[in-house]
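Chemist: I would like to see how this sequence folds:
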Amino acid sequence: MTTIAYDRRTIMLEAWSRTREFLARNPLGNWAPAFARYLREAWTNEKSRLRNVRRAAQLAGMTASELRAQIDRAEYGTRRPNDFYLVELRTALGALKVEEANAAKRNLIRAADICTVTFTKANGERRVMRVEARRVTEHVKGENASRSARIASHTRAFRHPHLLPVWDSEANAIKSVNLTTISRIETAEATHNF
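Modeler: Below is the predicted model of the structure:
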C-alpha cells in the first residue's frame, strides 16, 4: 500500500506566507506568536487535505456493494453520520454506476462490427450515428504518431474518459461519442436502450 506523507515544504511556505502578510498589516507586531499560530493552522490544513486524499483513495478502490454497505452503516448505525462523508459515499457510488454503465456501452460498441448509436450532443441535439468501431484503428497512428500527438491522445483519454472515438461511416471520419448521453445502441443481434 502506498503511504501518503505530509508535505512539510508546503506547510512551512503557507505559515511563512501568512506571517509575512500579518507583518505587512501590522509592522510593529511580534512575528513569533503569529508564526506559531499560522504554523498550527497550516498543519491542520495539511492533515485535513491528507485525510481527504486517503478517503478519496479508499472510496475509489471500493465496489458498489461495499459503498452501499458503508452508506447503510453511516445512515443506520449507532453513531451519528457525518453528512459530508455521506455525500462523498453517495457521490462515489453514483460515479461508479456511471463508470460501469459507460464500460458496458463501450464494450457493446467495440464488439459490434457495425452499429447505430443514438446519443445527445453537447448542444442538446439528438444525434443518430452509424458507427464502425473497428475502423478507427486503421486511421489512428498509435505508436507511429509523433510524440506530441501521443501525449495529446493520452491527455484527452485521461481528461475525458467518457468520450469514445468511433468511425462515422456516413461522414467517413473519426468522431467522438459521449458514452454518458447514449440512449440507444442497435446492433445486428439486439437493441439496447439506456
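Chemist: Dihedrals phi and psi, Ser169?
Modeler: phi -70, psi -20 (degrees, to the nearest 10).
Chemist: Ignore what I typed, I meant Leu28.
Modeler: phi -100, psi 0.
Chemist: same question, Pro161
Modeler: phi -70, psi -10.
Chemist: Now do the contacts for the residue in the chain sticking out farthest from the centre.
Modeler: Residue farthest from the centre of the chain, counting by Cα atoms, centre = their mean, is Leu28 at 47.7 Å. Under the criterion of Cβ atoms under 8 Å, 6 or more residues apart in numbering, Leu28 has no contact partners. All C-beta atoms are positioned from the backbone trio N, CA, C, and that covers glycine.
Chemist: what about it, distance to Ala36?
Modeler: Remark: distance between Leu28 and Ala36 (Cβ to Cβ, to the nearest Å) = 18 Å.
Chemist: again with Ala56
Modeler: 31 Å.
Chemist: now Asn102
Modeler: Applying Cβ to Cβ to Asn102 and Ala36 gives a distance of 50 Å.
Chemist: With Arg55 instead?
Modeler: From Arg55 to Ala36 the distance is 29 Å (Cβ to Cβ).
Chemist: Neighbour count: those two, which is higher?
Modeler: Arg55 (15 against 12; other Cβ atoms under 10 Å).
Chemist: Assign Val166 to one of the three secondary structure states.
Modeler: strand (DSSP: H, G, I helix; E, B strand; the rest coil).
Chemist: Could you report the neighbour count for the closest residue to Ile174 other than its chain neighbours?
Modeler: Closest residue to Ile174 apart from its sequence neighbours, by Cβ to Cβ, 6 or more residues apart in numbering: Pro165 at 5.5 Å. Residues near Pro165, counting by other Cβ under 10 Å, number 16.
Chemist: Just confirm Pro165 contacts Asn178, I think it does.
Modeler: No: the pair Pro165 and Asn178 fails to qualify as a contact (Cβ atoms under 8 Å) at a distance of 11.5 Å.
Chemist: joint contacts of those two?
Modeler: Common neighbours of Pro165 and Asn178 (Cβ under 8 Å, 6+ apart) do not exist.
Chemist: Tell me where the chain has helices.
Modeler: 8-25, 31-60, 64-76, 83-111, 136-139, 147-159 (DSSP state H).
Chemist: now the end-to-end length of stretch 71-89.
Modeler: End-to-end distance for stretch 71-89: 6 Å, by Cα to Cα, to the nearest Å.
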